[in-house]
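J.: I'd like to go over a predicted model; first the sequence, then the structure.
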Amino acid sequence: QVWLVESGGGSVQAGDSLTLSCSVSQRILELSVTGWYRQAPGKQREMVARLTVGETTRYADSVKGRFTISRDNERNTLYLQMNALKPEDTAVYYCAAGLGTRSYNYWGQGTQVTVSS
């Protein structure tokens, strides 16, 4: 069992920055893949950013150049640095992890990000 706990969400103005954190209950390097997803009201959950154990990253087109996914191997923490936030970034953001698989089999409880214009 892997526990993921997100933090860092909040309400900000358009153009502001936020950093989300995801605390992982075991060594983050044991996870094949980690990532961030988001779900806005009335919409499907979508991938925001992905980071493999080999440090390969992938981003949704809508956040490329604005968001950065990273991890701290010593603190077993995953981050999502979000810059130049837009109202359309408003959503619940979820941390996800894959243990023993390249798909996600563990999810956090989510943290709300609200961006006002």
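T.: That came through, no problem.

J.: what's the first-to-last distance across stretch 91-110?
T.: Separation of the first and last residues of stretch 91-110 by CA to CA, to the nearest Å is 10 Å.

J.: mind listing what's buried in that stretch?
T.: Buried residues in stretch 91-110, counted by 16 or more other CB atoms under 10 Å: Ala91, Val92, Tyr93, Tyr94, Cys95, Ala96, Ala97, Gly98, Tyr104, Tyr106, Gly108, Gly110. Where you see a C-beta, it was placed from the backbone N, CA and C, and this is true even at glycine.

J.: Can you verify my assumption that the last one contacts Glu6?
T.: It stands for Gly110. Yes: the pair Gly110 / Glu6 is scored as a contact, 6.4 Å apart, by CB atoms under 8 Å.

J.: Spatially central, which residue of the chain would that be?
T.: Centroid-nearest residue in the chain, with CA atoms, centre = their mean: Trp36, separated by 2.7 Å.
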